[in-house]
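Participant: Could you work out the structure for the sequence below:
(one chain, ligands or ions: 1)
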Amino acid sequence: MTDGQLLKAAGAEQPLVAYFSMEIGLDPSMPTYAGGLGVLAGDTIRSAADLDIPMVAVTLLHRRGYFYQRLDERGVQHEEPVAWPINDFCNRVNQHVTVEIENRTVYVGAWQFRVRGESGGEVLVYLLDTDLPENQPWDRTLTDRLYGGDDYYRLCQEVVLGIGGYRMLRALGYGHLRRFHMNEGHAALLVLALLEEKLASRTQEQTVPPDLIDAVREQCVFTTHTPVPAGHDQFPPDLGHRVLGDRRCSWLKACDHEHGLNMTQLALRGSRFVNGVAMKHGEVSNSLFPGYPIHSITNGVHAVTWAALPFQSLYDKHLPDWRRDHLSLRYAIKIPAQEIWDAHVTARRALVDYVNRETNAGFDRDVLTIGCARRAAAYKRGTLIFHDIERLATIAEQGGPIQIVFAGKAHPRDQDGKDVIRRIHEFRDHLRGKMAVAYLPNYDMTIAKLVCAGADVWLNTPLPPREASGTSGMKAAVNGVPSFSVLDGWWIEGHVEDVTGWSIGDRVDACMEPNGGMDACHAAELYYKLEEKILPCFYRDRARFIEIMRHAIALNGGFFNTQRMVSQYLHNAYRLTGEYVRRG
Ligand SMILES: *Cc1c(COP(=O)(O)O)cnc(C)c1O
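Facilitator: The predicted model follows:
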C-alpha cells in the first residue's frame, strides 16, 4: 500500500492536503507555468496522484500564459501572448466565490483539471478565472498573465490565489482539509483567508487572538524557493493598505512601513513547517530568517514525465516496477551498458534532428553534445563556457569536436537576462566553422525533455549560492545524462566526481580569491575538466562514460525524484498519517 492508500484506508475519502502554487506545469501544451517552480509543482502533483495522496491543488488559469518567445537572428527576444484552447484540457466548474480588492468585489470562477496517477489515484487541480461577465473589464484580466503587469496587478493576483482559492475550495465542499501547502510566498494570503474564517465567529475582536494564529499555523506548510533577499515577493506598504485595507493589514502586522508587505514573512509566521528545496538552501534560508527553524526537503522530478521514450522502454524491460516505484531506478546498476548507450543514441538523435530542423545549426549525431537550458537570468551565467572562446575552440580542435545547445526565456522585464541570450548568439556567430552552437526558441517542457535526454553532458554554471536547487540536471539524470555543474543547489548532494558527473569549482576557496574573480576561476576549471576528463572519457573510453551514465540513473535518478520528495513532505511536513489514524 502507498501512504496515500493507508490514509484512505483510515477513512480519508476527501482530500486532506490543499496545495497552492501561482504556477503549475500540468501539461506541456498548457502555458500555465514559467519555469522551474511551476514544473516542480506539476511533478509534485503527479507524484501525489501516483502515491494516492488525498490532495487537491489550486492555481490561476493564465489565459494568456507566460509568453511565447520569438528570437530574431541576433537573439533579441520578442514576447507574444499565448493563445491556448482551455476547453481541450479543463472543465468549467459551476461555482463562483468573491474576493474584496480595494473595496471592490471581484468574482472568481474556476476550471478543473484531473491529474491521474499510476495506480488509479487522482488529484484535482482548480484553475481560478476572473474573466466573468460580473466583473469590471480590468478585473476580468486578473488571471490572464503569469508574472505580468505591475506590482498592483501581481498583488491582486495573489489575493485571487490565496483568498479566492481558499474560498473556492470551501464552496466546492472540501470540508476535511487539514494541511495547506504554500509553494513559494505568492500564496501567502491563504494565511489571511484562514484567519478571517476563524475570526468571523468572533466579530468583537479588534486584534487577532494568539490562539487563532496558532490554529492557523497548525494547518500551514511553506516551501521557500529563493536564496537571496531580493528574490522574495514583497510589495510597498501603501499598496498593501490600498489592496487589502487597513483592518486586514493590522491583523497581519504585515504592511509595516519599514518592510512593506512581505509575503515570505507572512508565510513564515503562518506556518508550522517551513522548508528550503535542497540541503544547502535550507541552511542559507536559516541564516536569512533567524528565528524560524527551516528544514530541507530536496526537490525532485517526476521520473515517468521526464524519461524519454527509449529510456521508458529500457526501464519497463529491466525495472518493471519503476513507474509505480521510482526508487527502483536504483537497480539500474544491472542494466547492460550497451542497452543504455542504445537508448541514449536514440534520444540524442531526436535532439540533433530537432536542432537542425529548427535552427539549421548543422549538428552532428556523433559529436559530444553539451546541453545548457534554463531560465535566462544573469546569475545562471549561461555565457560562462564562452569566457575564453579561443581556448574553448582549441580544446575542441585538439580533444574532439563539441556542439552546444542552449534554450531559455528571459523575464520580459529582465534586461540582463535578455542580454545573456543576445550574447550567446554573438558567440555562436563567432564560433561558426569551429563549433556548432544552437539556441532553441520558446523553451518549454517539451523542449526541456528533448534537451535533457538528448545531451551527452548537462552543463549548469550558476553563481553560488544563487541556485536554490535546480531540477533540469535531475531530468538529465533520469535519462542517464551526467551533470557538469558548479557545486550549488542539488548538485552538492548529487555529485560524486567521475561517478555521477563532474563539478566545476572543487577548489572553491581558490575561486573566492579577489583578483581572479569567480567567473574566471570557474571558467578555468570548466576548461580543465572538459579537456582532461570529459572529452577523453567520451571519445576514448566509452565504457567508462556509460558507467557514469548508469550511476547518474541509479544514484541520482533513484533519489532526486518527486516520489521520494512527496514522501518526505508527507512524513516530515504534513505528518498526517499518525494524526489522521489517531483522531480519525
Ligand atoms: C525543468 C525546467 C526548468 C527549471 O530548470 P532549472 O534547472 O531548475 O533551472 C525551467 N523551465 C522549464 C521549461 C523546465 O522544464
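Participant: Which helix or strand contains Met549?
Facilitator: Here Met549, judged by DSSP states H and E, is contained in helix 542-551.
Participant: who in the chain is up against the ligand?
Facilitator: Within the chain, the residues that sit near the ligand (CB under 6 Å from any ligand atom) are 35-36, 39, 374-375, 443-445, 448, 470-472, 475. Every residue, glycine included, has its C-beta placed from N, CA and C.
Participant: picking up where we left off before, for whichever helix or strand comes after the helix holding Met549, packing partners?
Facilitator: Under the assignment DSSP H and E, the closest C-terminal helix or strand after helix 542-551 is helix 562-568. Judged by 3 or more CB pairs under 8 Å, 6 or more residues apart in numbering; DSSP states H and E, the packing partners of helix 562-568 are helix 36-50.
Participant: quick one, the next helix or strand after the helix it packs on and helix 36-50 angle?
Facilitator: The first helix or strand that comes after helix 36-50 along the chain, using DSSP H and E, is strand 55-60. Between strand 55-60 and helix 36-50, the angle comes out at 150 degrees (axes from the mean of the first three to the mean of the last three CA atoms, to 10 degrees).
Participant: I'd like the distance between the residue in the stretch 451-584 of the chain that the ligand sits nearest to and Gly120.
Facilitator: In the stretch 451-584 of the chain, no residue comes nearer to the ligand than Ser472, which is 3.2 Å away by CB to the nearest ligand atom. From Ser472 across to Gly120, the span is 30 Å (CB to CB, to the nearest Å).
Participant: Show me which of these two is the more surrounded one.
Facilitator: Legend: neighbour count by other CB atoms under 10 Å for Ser472 and Gly120, higher for Ser472 (24 against 10).
Participant: Would you mind confirming that that one makes contact with Ala455?
Facilitator: No: look at Ser472 against Ala455 with CB atoms under 8 Å: they stay out of range, at 10.1 Å.
Participant: Arg540 - how many residues pack around it?
Facilitator: With other CB under 10 Å as criterion, Arg540 counts 11.
Participant: same question but for Val228, I mixed them up
Facilitator: Val228 has 12 neighbouring residues, counting by other CB under 10 Å.
Participant: which residues touch it?
Facilitator: Arg466 (CB atoms under 8 Å, 6 or more residues apart in numbering).
Participant: Over to Ala448?
Facilitator: If you count contacts by CB under 8 Å, 6+ apart, Ala448 has them with Val39, Ala373, Ala407, Ser472, Lys475.
Participant: Asn275 in helix, strand or coil?
Facilitator: Under DSSP: H, G, I helix; E, B strand; the rest coil, Asn275 falls in the strand class.
Participant: can you tell me the residue of the stretch 1-150 of the chain closest to the ligand?
Facilitator: The nearest approach of the stretch 1-150 of the chain to the ligand comes at Gly36, 3.1 Å away (CB to the nearest ligand atom).
Participant: In this structure that residue contacts Gly473, no?
Facilitator: No: shown here, Gly36 and Gly473 do not form a contact pair, counting by CB under 8 Å, at 11.2 Å.
Participant: any chance of the contacts of Ala448 in JSON lines, with secondary structure too?
Facilitator: Formatted as JSON lines, those follow (three-state DSSP):
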{"residue": "Val39", "secondary structure": "helix"}
{"residue": "Ala373", "secondary structure": "strand"}
{"residue": "Ala407", "secondary structure": "strand"}
{"residue": "Ser472", "secondary structure": "helix"}
{"residue": "Lys475", "secondary structure": "helix"}
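Participant: Any idea how many residues pack against the residue nearest to Thr226 when sequence neighbours are not counted?
Facilitator: In space, and not counting its chain neighbours, Thr226 is closest to His232: 5.7 Å by CB to CB, 6 or more residues apart in numbering. Using other CB under 10 Å, the number of residues around His232 comes to 19.
Participant: In this structure His232 contacts Asn262, no?
Facilitator: Yes: contact status for His232 versus Asn262: in contact at 6.6 Å, counting by CB under 8 Å.
Participant: shared neighbours of these two, anything?
Facilitator: Applying CB under 8 Å, 6+ apart, one finds that His232 and Asn262 are jointly contacted by Gly185.
Participant: immediately after the helix or strand bottoming out on mean pLDDT in the chain, which helix or strand?
Facilitator: Lowest on mean pLDDT, DSSP states H and E among the helices and strands of the chain sits helix 508-511, with a mean of 62. On the C-terminal side of helix 508-511, the nearest following helix or strand under DSSP H and E is helix 518-529.
Participant: Same question for that following helix: list its buried residues.
Facilitator: Buried residues in helix 518-529, counted by 16 or more other CB atoms under 10 Å: Met518, Cys521, His522, Ala523, Ala524, Glu525, Leu526, Tyr527, Lys529.
Participant: which one among the residues you listed gets closest to Thr298?
Facilitator: Nearest to Thr298 among the buried residues of helix 518-529, counting by CB to CB, is His522 at 23.0 Å.
Participant: can I assume the closest one is in contact with Asp506?
Facilitator: No: using CB under 8 Å, His522 is not in contact with Asp506, being 10.6 Å away.
Participant: host element of Val108?
Facilitator: Following DSSP H and E, one finds Val108 within strand 104-116.
Participant: Just give me the neighbour total for Met83.
Facilitator: Just to correct that, residue 83 is Ala rather than Met. A count of nearby residues for Ala83, using other CB under 10 Å, gives 11.
Participant: Grab the nearest non-local neighbour of it.
Facilitator: Nearest residue to Ala83, sequence neighbours excluded (CB to CB, 6+ apart): Arg64, at 7.5 Å.
Participant: how far away is that neighbour from Glu80?
Facilitator: Distance of Arg64 to Glu80, given as CB to CB: 9 Å.
Participant: More neighbours: the two, which one.
Facilitator: Using other CB under 10 Å as the criterion, Arg64 and Glu80 rank with Arg64 on top: 19 against 12.
Participant: Now that one. Its backbone dihedrals?
Facilitator: Dihedral pair for Arg64: phi -110, psi 10, per degrees, to the nearest 10.
Participant: so it makes contact with Ile86?
Facilitator: No: using CB under 8 Å, Arg64 is not in contact with Ile86, being 11.1 Å away.
Participant: Show me this protein divided up by domain.
Facilitator: The record, using automatic domain parsing to delimit domains, assigns the chain the ranges 3-300+565-583, 303-560.
Participant: Gly175 is in contact with Gln14, isn't it?
Facilitator: Yes: between Gly175 and Gln14 there is a contact under CB under 8 Å: 7.0 Å.
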